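1. no sequence on this one, just coordinates:
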């Protein structure tokens, strides 16, 4: 079998684990074919000298929509403990893995995941040693902050990011990193301030709007959150997490019917996007259907509520709150036999719920009185 390299299109997608992403990079990927039908993939892996990475190779046959082939008969600079370098290579014995490879738009994905653990301590120690001779400049201060953040030393990370921003206040990504640390510290006010500065410097930073909105929800500033979620949706209309977050925000009980209807529209949009997506958004579909059920419940449209909950439970059949919600709605509808069955399902999942036990007793008593 001959693999025509003209069909191969190479993309570089660096899988950033929670490691030292600031000094990690895969670049300059290229490939060649040997007479023995082997594929040689050569690439540059940039990083600090003390780092090692786990390298993997994936292949798509449909232009990058699905990476459904994982080359296994691969040798060379692949797998665990690969050190940074230029022109390092891996060799894939294609015929051993895929005897008949068919497709029209092949795409390779090379991923590099840095190891956690002692390398953070070594990085921190290294930067501290440098600081003894000269004050750290912006780059080293930022890297030190990253090392603190990745090793979960969040208080030190926050202080060090602040120090980096005093040296250079024009770096939007640093505000984002600092905001993430403040979120973990549950310092919502300061986190919101960081994300606001992030998107003001880079108006296209969708995640900054989302994080800013989430911080404002924690602060009880629902209106600010709603505006930020709308901005994120406007930037990326197909981005399901943004639409789902906006829908949840709009479904808050404090809003009027028009906002509730808008929330329903957003939940329905999430469902449409997720249904047609290549990725299976199981959790998002569940959340969208339960959110949709809530909007119907508020308007006392109980049949539609139950219908939406049934669809939600297809994605998470053993979700206790969904079963309890459905049982309560069925009770309101006087569909007592169904309510009894639903309460029983729920109590099998959560037998310690005394309120649900009492509600079931009420259902049984009413059935007996009929």
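-> Received the coordinates, thanks. Please read these numbers as outputs of a predicted model, since none were measured by experiment.
2. show the pLDDT at the closest residue to residue 205 other than its chain neighbours.
-> Leaving aside its sequence neighbours, residue 205 sits nearest to residue 199 (C-beta to C-beta, 6 or more residues apart in numbering; 4.9 Å). The way it works is simple: take the backbone N, C-alpha and C, and place the C-beta from them, glycine included. Looking at residue 199, its pLDDT is 95.
3. which other helices and strands contact the helix or strand encompassing residue 199?
-> With secondary structure defined by DSSP states H and E, residue 199 is part of helix 188-201. Packing partners of helix 188-201 (3 or more C-beta pairs under 8 Å, 6 or more residues apart in numbering; DSSP states H and E): helix 172-184, helix 206-218.
4. got those helices as JSON lines, with distance to residue 243, mean pLDDT and mean neighbour count columns?
-> Listed next are the helices and strands packed on helix 188-201 as JSON lines, based on distance: least, C-beta to C-beta, whole Å; pLDDT from 0 to 100; neighbours: other C-beta atoms under 10 Å:
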{"stretch": "helix 172-184", "distance to residue 243": "21", "mean pLDDT": "95", "mean neighbour count": "22"}
{"stretch": "helix 206-218", "distance to residue 243": "11", "mean pLDDT": "94", "mean neighbour count": "23"}
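5. before we move on, the earlier item: give me the number of residues near the residue nearest to residue 205?
-> By the criterion of other C-beta atoms under 10 Å, residue 199 has 24 neighbours.
6. residue contacts, residue 163?
-> Contact analysis of residue 163 by C-beta atoms under 8 Å, 6 or more residues apart in numbering lists 141, 145.
7. in the helix or strand where it lies, what's buried?
-> Assigned by DSSP H and E, residue 163 falls within helix 154-167. Residues of helix 154-167 classed as buried under the neighbour-count rule (16 or more other C-beta atoms under 10 Å) are 154, 156-158, 160-162, 164-165, 167.
8. and residue 345, how far from residue 170?
-> As judged by C-beta to C-beta, to the nearest Å, residue 345 and residue 170 stand 56 Å apart.
9. these two: who's more crowded?
-> residue 345 (17 against 9).
10. how much space between that one and residue 351?
-> Going from residue 345 to residue 351 by C-beta to C-beta gives 12 Å.
11. for the chain, which segments are assigned as strands?
-> Under the criterion DSSP state E, the chain contains strands at 8-12, 25-33, 38-46, 53-60, 74-76, 79-82, 85-93, 106-114.
12. give me the mean pLDDT for the longest helix along the chain.
-> When the chain is parsed with DSSP state H, its longest helix is helix 257-276. Mean pLDDT, helix 257-276: 84.
13. so where is the chain shaky, pLDDT-wise?
-> Low-confidence segments of the chain (pLDDT under 70): 1-24, 49-50, 99-105, 115-119, 253-258, 276-279.
14. residue contacts, residue 262?
-> residue 250.
15. next, count neighbours for the nearest residue to residue 330 once chain neighbours are set aside.
-> In this structure, residue 330 finds its nearest non-sequential neighbour in residue 339, 3.8 Å apart by C-beta to C-beta, 6+ apart. For residue 339, the neighbour count with other C-beta under 10 Å is 25.
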